[in-house]
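Asks: next input, structure requested:
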Amino acid sequence: MDGKKYLPVNKEGDSVFEIPVLCFDKPMQVVGDTVAMSKPHEVTYEITFRSETMKKQ
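Replies: Numbers count the residues shown, from 1 in each chain. You can find the predicted model right below:
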């Protein structure tokens, strides 16, 4: 993402990643490497973080 590689933060189960949120309410492209379909390849995702769904912690 944005030229930087992020590795999973967990060792077991489904992969979990922590990535920076670069913008709200606009699509953001993320490219993931996967071996789930028998050989390694890249998958491009477009994700949008909606500001109206944010919750204060």
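Asks: how far away is V43 from K4?
Replies: Separation of V43 from K4 (C-beta to C-beta, to the nearest Å): 17 Å. All C-beta atoms are positioned from the backbone trio N, CA, C, and that covers glycine.
Asks: between these two, who's got more neighbours?
Replies: Ranked by neighbour count (other C-beta atoms under 10 Å), V43 and K4 place V43 first, with 11 against 7.
Asks: what helix or strand does that one sit in?
Replies: According to DSSP states H and E, V43 maps onto strand 41-47.
Asks: flag the shaky bits of this protein, pLDDT-wise.
Replies: Counting by pLDDT under 70, the chain shows low-confidence ranges at 1.
Asks: mind listing the strands for it?
Replies: All strands of the chain, identified by DSSP state E, fall at 28-34, 41-47.
Asks: packing partners of the last one?
Replies: Contact partners of strand 41-47 among helices and strands, from 3 or more C-beta pairs under 8 Å, 6 or more residues apart in numbering; DSSP states H and E: strand 28-34.
Asks: off-centre distance for the strand it packs on?
Replies: Relative to the centre of its chain, strand 28-34 is centred 6 Å away, using C-alpha atoms, centre = their mean, to the nearest Å.
Asks: rewinding a little: tell me which residues in the strand holding V43 are buried?
Replies: Buried residues in strand 41-47, counted by 16 or more other C-beta atoms under 10 Å: none are found.
Asks: that one: how far from the chain's middle?
Replies: Taking the mean of its C-alpha atoms, strand 41-47 sits 8 Å from the chain's own mean (C-alpha atoms, centre = their mean).
Asks: within the sheet, what are the partner strands of that strand, with directions?
Replies: Strands that pair with strand 41-47, judged by DSSP bridges, come out as strand 28-34 (antiparallel).
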